[in-house]
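In: sequence first, predicted coordinates after that:
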Amino acid sequence: MTITATSRAVDFTHVETWVFDLDNTLYPPGLDLWRQIDMKMRAYIADFLGLSLEEAFALQKSYYRRYGTSLRGLMIEHAMDPDAFLAEVHAIDLSGLDAAPLLGDAIGALPGRKLVYTNGSRGHAEAVLAKLGISGHFADVHDIVSAEFHPKPQEAAYRGFLKRFDVDPARAAMFEDLARNLEVPADLGMRTVLVVPPGLAVNPADREAWEHEGRDGAHIDVVTDDLTGFLRSLPVS
């Protein structure tokens, strides 16, 4: 297990709400789940706008970086129907995803409430959590529809999430695979944990290099490449 913390003391004993991103956070990024979603988005955009796959890919990533999600960009720039898009891109094969009982035990041992906060759909989140066998540990899922299609890392998205679940950010922790998605939570007072691939490796097939920028930012309390091991290391009351 590799855990890197900042030089300041990082205390989690006050945390009463544990907030987990879904994709590439609760399951390893080495699986091809996100890659499947990425390819489906590319094909959907190509068909919707009459573009080549290469043109669709460039537009997809441009909107993702500019708006937080490709979906948000497509809604704003092209008035696209989000429901059809979400249904199509999340219709993926989960057979490569194994149950994660040790992760479930570690999450279950945390004191307080646990929530999933994803820029994807509730249906996708529920399917992934069920395949991992950890659904029962979470009180609820906050998806992109619940967020009225305002994605992380937009501040309005986080404030809407905190309000919906009456979360005190000073007593909450956020787990994410993208450093930029932890900037607002840190500003709001949440503990922040960046979950990275083993060895901090960046696979171009999973994410683009810019998506991994900011890992050494002051807004990140802990970086870990072993979520289960990190959770098990936390003192619980």
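Out: Here it is on my side, so go on. What you are looking at is a predicted structure, and each value in this text was computed from that prediction instead of being measured.

In: assumed Val223 was part of a helix.
Out: No. Under DSSP: H, G, I helix; E, B strand; the rest coil, Val223 sits outside any helix and is assigned strand.

In: now stretch 36-44: average pLDDT?
Out: Averaging pLDDT along stretch 36-44 yields 94.

In: please parse this structure into its domains.
Out: Per the TED database, the domain ranges recorded for the chain read 17-30+98-233, 34-90.

In: for Val10, which of those domains is the nearest?
Out: Nearest of the domains of the chain to Val10, taken as CB to CB: domain 17-30+98-233 at 4.8 Å. (C-beta placed from N, C-alpha, C; glycine too.)

In: roughly how far out does that closest one sit from the chain middle?
Out: Put simply, domain 17-30+98-233 sits 5 Å off its chain's centre (CA atoms, centre = their mean, to the nearest Å).

In: what mean pLDDT does it have?
Out: Mean predicted lDDT for domain 17-30+98-233 stands at 92.

In: ends of that domain, what's the gap?
Out: Criterion CA to CA, to the nearest Å; first-to-last residue distance in domain 17-30+98-233 is 17 Å.

In: stretch 127-142 too?
Out: Start-to-end span of stretch 127-142 (CA to CA) is 14 Å.

In: one more: stretch 75-95?
Out: Per CA to CA, the first residue of stretch 75-95 is 31 Å away from its last.

In: mind listing what's buried along that stretch?
Out: Across stretch 75-95, burial judged by 16 or more other CB atoms under 10 Å covers 75, 80, 82, 85-86, 89-90, 92.

In: need the domains of the chain in TSV with distance to Asp11, can you?
Out: As requested, the domains of the chain are exported to TSV (distance: least, CB to CB, whole Å):
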stretch	distance to Asp11
domain 17-30+98-233	8
domain 34-90	30
